[in-house]
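Q: Need coordinates for the following:
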Amino acid sequence: MFDSAVGTLAGEWRLITVDRRGWGESIPADEYRRTSIAEQSIEIASILRDLDPGPVTAIGIGLGGVVCLEMALAEPDLVARVFMIEPPVFGAIRAATEGMSADVDQIRLAASEGGEEAAYELFLSGELPTLGAGAERFADRADRGQHAARAFLVELPAVPAWPLDPVRLATLEAEVTVVTLPSTPALLKRAADAVTERVPGAESIHSSRDGADAVAPLIS
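A: Purely as a prediction, here's the structure:
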């Protein structure tokens, strides 16, 4: 997903790309059945502390963007800036509740009939109007490794369960930019607007480039 952005920025920045648990070359424990945004943040922060890069600019697409914001809240000395690209914080949109429930039912049905891989492919097809909004745009580059389908299902409840706590958000020190793309679906635009409104000092940007190609102009 980020290869083109890394290639563009190499030589100008120290670039650290992380395979979250279950994705890429990261192998989850056999009992991996649940996770949270906080847990994801802790694991990435631990990697950063080992590498000691100083305050970083953290960039994430989708769930990864929410993890970046959580890391900025929990580890303010590690994160100077956050770019959240299409954060799927549907819990901030009251009208999305029914849509999430309907999508979960479809995911459960797909998993019961075809296993974890079938549920993951359903998500990537773009046929889930809420939880899978716009997912088909990245289907050709999606990780389809041995653990990807399991990681997807484990992570699915994490963002809806993550609270946009105004008291905690008031302590935020990092600069936050919420990014939408030319291909961002309407529902994700509404989620991005909700995040921008609730995060103190957050800036909203509509990129002229799509996907991870939006990253380089953001930080250059």
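Q: ok so Pro76 is a helix residue?
A: No - going by DSSP: H, G, I helix; E, B strand; the rest coil, the assignment for Pro76 is coil, not a helix.
Q: and the residue nearest the centre of the chain, what pLDDT?
A: Nearest to the mean C-alpha position of the chain, by C-alpha atoms, centre = their mean, lies Leu63 at 2.0 Å. On the pLDDT scale, Leu63 is placed at 96.
Q: mind listing what it touches?
A: Leu63 sits next to 37, 40, 88, 155, 158-159 when contact means C-beta atoms under 8 Å, 6 or more residues apart in numbering. Where you see a C-beta, it was placed from the backbone N, CA and C, and this is true even at glycine.
Q: what sits against Leu128?
A: 103, 106-107, 122, 135.
Q: what does Thr196 give?
A: Thr196 neighbours (C-beta under 8 Å, 6+ apart): 178, 202-204.
Q: redo that, cut-off 6 Å
A: Thr196 makes contacts with 178, 202, 204, as judged by C-beta atoms under 6 Å, 6 or more residues apart in numbering.
Q: again, but for Leu15
A: Contacts of Leu15 (C-beta under 6 Å, 6+ apart): Val6.
Q: Put together JSON lines for the contacts of Thr196, with secondary structure, neighbour count and pLDDT on each row.
A: What follows is the contacts of Thr196, written out as JSON lines (DSSP: H, G, I helix; E, B strand; the rest coil; neighbours: other C-beta atoms under 10 Å; pLDDT from 0 to 100):
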{"residue": "Val178", "secondary structure": "strand", "neighbour count": "26", "pLDDT": "98"}
{"residue": "Ala202", "secondary structure": "coil", "neighbour count": "19", "pLDDT": "98"}
{"residue": "Ser204", "secondary structure": "strand", "neighbour count": "15", "pLDDT": "97"}
